[in-house]
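**Student:** Can you look at this prediction? I've put the sequence above it.
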Amino acid sequence: SKAVFPNSPVITTGVDFAAWKNCFRNCPFELEPTVIELPDVLPSDFPTGTIYRNGHARFCADDETPCLHPFDADGMILAMTFDASKPSKVLFRNKFVETEGYIKDKEMGGMSQRGLFGTKKSGGFMANLFQMDYKHVANTNVIHCGDSLYALWEGGLPYLLDPLTLRNKNGRGKAGLTDLDGLLSDNFSAHPRYDPARKTYVNFGSVFDPIKSEFRVSLYEVDATTFRSKRKNGVTPNFVLDAPALIHDFILTTNYCIFFINDTRINAMSAIKAMFGSAGFAGSIEVDKDAEHSNIVLIPRSLLDDKEQDAVSDIDLFHDERVTVVKMDRHFAFHYANAFEDMEGNVVFDTVQMDGMELAADFKEPFWQIENPFRDVSPTRLIRYTVDIQNKKLAIGNDQPKVLTTRLPEFPSIPRDISTRRHRYIYPLVARKKVNVNPKTSGLGGPVAAVAKIDSEDTTNNQYFSFEPYEFPGEAILVPKAGKNVSLPSEEDACYMLVLVTNGKDL
């Protein structure tokens, strides 16, 4: 394949690198609800409904102060409503989440707060010195429940939005935040897990107290229609670690909340640099590379029930007999596809795994402008593990653990109604072409530009669809075809994969 731009090689993953860099520019407009003609007619079994997506979309302030990492960019909600009776039209709208930081940025014409991943305030060194707060960017996920949207970012409370206009329901800025009627006191993760049997979302929130050197993770279960807790006794189950953990995602089964916990520590030099405003706070946490093991922690969901009123606070994960801890070879995982319990009571889960993680946050220039921004990034693999609950160990042998794909997978998706249930297919983003990399060798990957259908039962049936070298897909949403029930094994893949693609050539 030829590069789109001069002097822009098509790199290892088969993409045009300059086109990828070109994607990191501010979205120039916000549209009120607008009917748009589609270039073709939707299939007859395409369902009526709305797709909502949230993602970073503002990479530079009005005074040209740049975001140094895409994770620090302001979140923008995009919505498209499809009506089966009007198969050639879509109702489109998009809007930046009106967070406190976004409003202040627009008012001052600059960057009003530091970013967790290294972005600096406008005004130079003195403006950033000892500025310990960071900007809530609301850029990671969006959940639709009842008559509301919830824009999520793991470093703060949700923003409550109107599903049609995408505006804050309770006012611009900080007024738009919600604590879910008093349920939340701190942060709320961006990756709630859906339970189709109970029709609830289970989620967690984490906060680090540097004075106590205490990392507290609280567990929540909310109704999928109201997004409010049914718990009556007011006690929030939580566990405490003595070091800040890198917990971005988790998985759920009928009976367990499952967390992946590495040995971590504070990098003193990175923390000092963050205090002086020359680096982001995220880079202060590092995984212990000398540790032999990582931990899979299975917490009984019964602890979230009202009847459990005692001993659900300050749970000691590694000494509480109610909690199952299984050791495995050290690695790192940001995202999971799904988990379920098989007929023998074992827990089966699929994870995107990498050998190590460097959470750098001391960039001098934007991440995407670095000559090789993937230099320290370990290649990923999608792997299926089975946990023998009775014997508290991983199942080994007989194709266990099972490598499902090595094509640099990330952001694995499944249809929502299969969550917590046995599944066969997984839909991750992957490299545009087949790559052969050593999982312990970093720097050989790059942006992904393809989607895949992974067959967990027979990987020879894996299917891949590659976009053009200058096109970059976002995380897929799986939508059941009209009249189909994806929870039935015979109809599990009777769905459409909806993917937003950014064209880095024509921006």
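**Tutor:** Okay, I see it.

**Student:** quick one, phi/psi of F374?
**Tutor:** Main-chain dihedrals, F374, degrees, to the nearest 10: phi -100, psi 20.

**Student:** thought it was touching V448?
**Tutor:** No - F374 is beyond contact range of V448, at 11.0 Å (criterion: C-beta atoms under 8 Å). Placement of C-beta: from N, CA and C, glycine included.

**Student:** between the two, who's got more neighbours?
**Tutor:** V448 (25 against 20; other C-beta atoms under 10 Å).

**Student:** Am I right that the more buried one is in a helix?
**Tutor:** No - read with DSSP: H, G, I helix; E, B strand; the rest coil, V448 is coil and lies in no helix.

**Student:** hang on, isn't it packed against K433?
**Tutor:** No - here V448 lies out of contact with K433, judged by C-beta under 8 Å, at a distance of 10.6 Å.

**Student:** if I look at the two, which residues touch both of them?
**Tutor:** T13 (C-beta atoms under 8 Å, 6 or more residues apart in numbering).

**Student:** Report the secondary structure element holding F188.
**Tutor:** Of the helices and strands defined by DSSP states H and E, none includes F188.

**Student:** what about it, neighbour count?
**Tutor:** F188 has 25 nearby residues by other C-beta under 10 Å.

**Student:** for it, phi and psi?
**Tutor:** phi -140, psi 120.

**Student:** And for R301?
**Tutor:** phi -70, psi -10.

**Student:** which element is I77 on?
**Tutor:** Going by DSSP H and E, I77 is in strand 74-82.

**Student:** Pull up the pairing partners for that strand, direction included.
**Tutor:** If you go by DSSP bridges, strand 74-82 pairs up with strand 49-58 (antiparallel), strand 89-96 (antiparallel).

**Student:** now that strand: how far from the chain's centre is it?
**Tutor:** 16 Å (C-alpha atoms, centre = their mean, to the nearest Å).

**Student:** before we move on, what about stretch 450-467?
**Tutor:** 21 Å.

**Student:** and if you look at stretch 153-163?
**Tutor:** 14 Å.

**Student:** Any buried residues in it, and which?
**Tutor:** 153-161, 163 (16 or more other C-beta atoms under 10 Å).

**Student:** what's the farthest-apart pair in those residues?
**Tutor:** Using C-beta to C-beta, the buried residues of stretch 153-163 reach their maximum pairwise distance at G155 and P163, which is 23.9 Å.

**Student:** Let's have the buried residues of stretch 153-163 in TSV, adding secondary structure.
**Tutor:** Converted to TSV, these look like this (three-state DSSP):
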residue	secondary structure
W153	coil
E154	coil
G155	coil
G156	coil
L157	coil
P158	coil
Y159	strand
L160	strand
L161	strand
P163	coil
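
**Student:** Could you export those to CSV, including columns for pLDDT?
**Tutor:** Below are the buried residues of stretch 153-163 laid out as CSV (pLDDT from 0 to 100):
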residue, pLDDT
W153, 97
E154, 95
G155, 94
G156, 96
L157, 97
P158, 98
Y159, 98
L160, 98
L161, 98
P163, 96
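
**Student:** As a check, name the ranges of all helices in the stretch 1-150 of the chain.
**Tutor:** Shown for the stretch 1-150 of the chain, the helices assigned by DSSP state H, counting those that start in this stretch span residues 17-22, 100-108, 125-128.

**Student:** Helices along the stretch 351-500 of the chain, start to end?
**Tutor:** Going by DSSP H, counting those that start in this stretch, the stretch 351-500 of the chain shows no helices.

**Student:** Flag the shaky bits of it, pLDDT-wise.
**Tutor:** Residue ranges of the stretch 351-500 of the chain with pLDDT under 70: 358-361, 443-444.

**Student:** could you pull out the strands for it?
**Tutor:** All strands of the stretch 351-500 of the chain, identified by DSSP state E, counting those that start in this stretch, fall at 380-388, 393-394, 402-405, 410-413, 425-430, 450-455, 463-466, 471-473, 477-480, 495-498.

**Student:** try the stretch 151-300 of the chain
**Tutor:** Counting by DSSP E, counting those that start in this stretch, the strands of the stretch 151-300 of the chain are 159-161, 193-195, 200-209, 214-223, 238-241, 251-252, 256-261, 264-266, 285-287, 293-300.
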